[in-house]
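Asker: Only the shape, not the letters, is given here:
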């Protein structure tokens, strides 16, 4: 049966003489059970310049220190050492993507940030460093580099800012992709035309980018341009290789789940999966929208509408009994874990089969964890036809049963009977 296993414990030897593991930060956990985390070290030789480390736990053997504060930083000149470093991604093959600072001779604020890729038990390679030339940027240098995201194949993506001749606030941001075994390549740059937007509406700043199992990218960000209205700035772009990147959702767009004059305004960073589906927290604006009912969780398949999975300020039936209705008022916040591409070892609220998990809080001192499933057009469990499998389909099935509607028939026997409720549960659990 299932059991609990100790991976690594504070107070145990680190493999460095006289140095023990101390506390640990939350872990990254790959699909292949590889664990990576930051630890804080303890011992007679440990001080504030060398007390942090990134460790990885292979499926067999003892934890391995990948990078330690105060130790030589990979890809830099002698004496340049890691400062504070974070593990951002780990994949099933044991690749670990790191981001952080360096310090030492010749290091100053213009060149003290880096992105590294480390093979578990092997070598660590410097991918990008502030102060170095940024590929595809016309001689400009990296000014800063952000948190990288990995997939199983080892494809890598990260954002950064630029400095140099011709660089200004409007064009000084970019996203770089690195194919497995290759070198970073400029993917998109600020102040260039955004696909899917009117001419002259360009990329602005970029939020943290993601990469999915197929090597397709997704990222949130902002649009700039003379015709961009304030509510239209925020957006989400994704690829669906081999198709090029596209603007998938932006402020000013609407959803079939709200009146046409209610629009999305603030849009945050998404969670992304291999089918191109993304889920993202957002805000609404328009008639009747206020602080209490503006927060939404939005999901979108590769060719579907933007659907609202959950919203504050509305009544929600939390009881799955077809004979009982228990309506609760949804309050802030809707809790959802974004910023994962699905193969980076990060926690995520979006599964590979298109289920979104989130927590809702209710006025009646009650909260719950719910799952919404994106449904195919011929999905019989999607009784209300909104393209998702959610608890609201319970209510819709009750209505269909009470009124002998076609959607009641879940077992395909041509009749509407209580056995269709059992069939509906099975259809719902099977997903679409």
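Answerer: Everything's here; your move. Just so it is clear, the structure is predicted and the values come from calculations on it, not from any experiment.
Asker: I'd like to know which helix or strand in this structure has the lowest mean pLDDT.
Answerer: Ranked by mean pLDDT, DSSP states H and E, the weakest helix or strand in the chain is strand 388-389, scoring a mean of 80.
Asker: Can you point out the buried residues in the helix or strand just after that one?
Answerer: Note on strand 388-389: by DSSP states H and E, the next helix or strand toward the C-terminus is helix 392-402. Of the residues in helix 392-402, 393-398, 400-401 count as buried by neighbour count, 16 or more other Cβ atoms under 10 Å. All C-beta atoms are positioned from the backbone trio N, CA, C, and that covers glycine.
Asker: excluding its backbone neighbours, what's nearest residue 384?
Answerer: Counting by Cβ to Cβ, 6 or more residues apart in numbering, residue 384 lies nearest to residue 396, which is 3.8 Å off, once chain neighbours are set aside.
Asker: residues contacting that neighbour?
Answerer: Contact analysis of residue 396 by Cβ atoms under 8 Å, 6 or more residues apart in numbering lists 383-384, 407.
Asker: Need the pLDDT of it.
Answerer: On pLDDT, residue 396 comes in at 89.
Asker: With residue 375 instead?
Answerer: We note a pLDDT of 67 for residue 375 in this prediction.
Asker: likewise residue 194?
Answerer: Residue 194 is assigned a predicted lDDT (pLDDT) of 98.
Asker: mind giving me TSV with the buried residues of helix 392-402 and columns for distance to residue 99?
Answerer: Conversion of the buried residues of helix 392-402 to TSV gives the following (distance: Cβ to Cβ, whole Å):
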residue	distance to residue 99
393	42
394	44
395	46
396	46
397	48
398	50
400	51
401	54
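Asker: related to what we said a few turns ago, what packs against the least confident helix or strand of the chain?
Answerer: On a contact count with 3 or more Cβ pairs under 8 Å, 6 or more residues apart in numbering; DSSP states H and E, strand 388-389 meets strand 366-374.
Asker: In terms of secondary structure, what does the strand it packs on contact?
Answerer: strand 307-311, strand 355-362, strand 388-389.
Asker: most packed of those strands?
Answerer: strand 388-389 (a mean of 25; mean count of other Cβ atoms under 10 Å).
Asker: from the chain's centre, how far out does it sit?
Answerer: Relative to its chain's centre, strand 388-389 lies at 21 Å (Cα atoms, centre = their mean, to the nearest Å).
Asker: Considering the contacts of residue 396, which possesses the most neighbours?
Answerer: Neighbour counts for those (other Cβ atoms under 10 Å) peak at residue 383, which has 26 neighbours.
Asker: ok, back up a step: wait, which of the helices and strands packed on strand 366-374 is closest to residue 412?
Answerer: strand 388-389 (18.0 Å; Cβ to Cβ).
Asker: For burial, what's the neighbour tally of the closest residue to residue 88 other than its chain neighbours?
Answerer: Spatial nearest neighbour of residue 88, excluding adjacent residues (Cβ to Cβ, 6+ apart): residue 147 at 4.4 Å. Residue 147: 20 surrounding residues under other Cβ under 10 Å.
Asker: strand partners of the least confident helix or strand of the chain, parallel vs antiparallel please.
Answerer: With DSSP bridges as the criterion, the sheet partners recorded for strand 388-389 are strand 366-374 (antiparallel).
Asker: Buried residues, the strand it pairs with. List them.
Answerer: Buried residues in strand 366-374 (16+ other Cβ under 10 Å): 370-374.
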